[in-house]
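1. Quick one, fold the following:
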Amino acid sequence: MNEKYIHIYNNLINYTRNKDLYKNLNREDIFSDRLTLFLLHFSFFLKNFKKDENKLILQEIYDFNFRQLELSIREIGYGDQSINKKMKDYINLFHSMVSEIHFWDELSKSDKIKKISIFLGEFQNIDDLTQYFDDFNLKLSKKTLNSYLKSVSNL
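-> Modelled structure (predicted):
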């Protein structure tokens, strides 16, 4: 598999490891929490760079990231049948996220909170998470896809 997108994947993983994201979770975080946050970060990444001229590159990044997720699930110890079902569920979740945040920039704060709550219902104080993803979205919008591809910028 082509490794040229590994730095994008690793940057998304690093955002997902941000301990502040989990401070409002009333339990120890689990793999599915981290995966949900990873997929949300990735959704915002794709939303910001979705243009016709980026279509092929974004498809390659999409394929790479989901292949990496599949490898992570295999490392946890799931069997082949379980992996296929899990991957289908995760891909459906991801596409639901992409759909929900598509018009993020036009949404009111209360609508953004509702969107984030759909995916992070186990978390307390969704306001903080909504602000976090607003800031993340803004940060992404200030740079070009090329800057991330060339490894000039961290996400």
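
2. Who are the packing partners of the helix or strand hosting residue 93?
-> If you go by DSSP states H and E, residue 93 is part of helix 80-101. Applying 3 or more C-beta pairs under 8 Å, 6 or more residues apart in numbering; DSSP states H and E, we find helix 80-101 packed against helix 31-49, helix 55-76, helix 109-119. Where C-beta positions appear, they are placed from N, C-alpha and C, glycine not excepted.

3. Mind listing residues that contact that helix?
-> Helix 80-101 is contacted from outside by 35-36, 39-40, 42-44, 46-47, 66, 69-70, 73-74, 78, 115, 118-119, using C-beta atoms under 8 Å, 6 or more residues apart in numbering.

4. List buried members of those residues by neighbour count.
-> Neighbour counting by 16 or more other C-beta atoms under 10 Å classes 35-36, 39-40, 42-44, 46-47, 66, 69-70, 73, 78, 115, 119 among the contacts of helix 80-101 as buried.

5. Can I get stretch 88-95 in PDB? Just the C-alpha atoms.
-> C-alpha atoms of stretch 88-95 as PDB (Å, rounded to 0.1, in the frame of the first residue of the first chain):
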ATOM      1  CA  LYS A  88     -19.100  -1.800   6.900                       C
ATOM      2  CA  ASP A  89     -20.500  -0.200  10.200                       C
ATOM      3  CA  TYR A  90     -17.600   2.200  10.400                       C
ATOM      4  CA  ILE A  91     -17.900   3.200   6.800                       C
ATOM      5  CA  ASN A  92     -21.600   3.800   7.200                       C
ATOM      6  CA  LEU A  93     -20.900   5.900  10.300                       C
ATOM      7  CA  PHE A  94     -18.300   7.900   8.500                       C
ATOM      8  CA  HIS A  95     -20.600   8.700   5.600                       C
END
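
6. Nice, that's everything, thank you.
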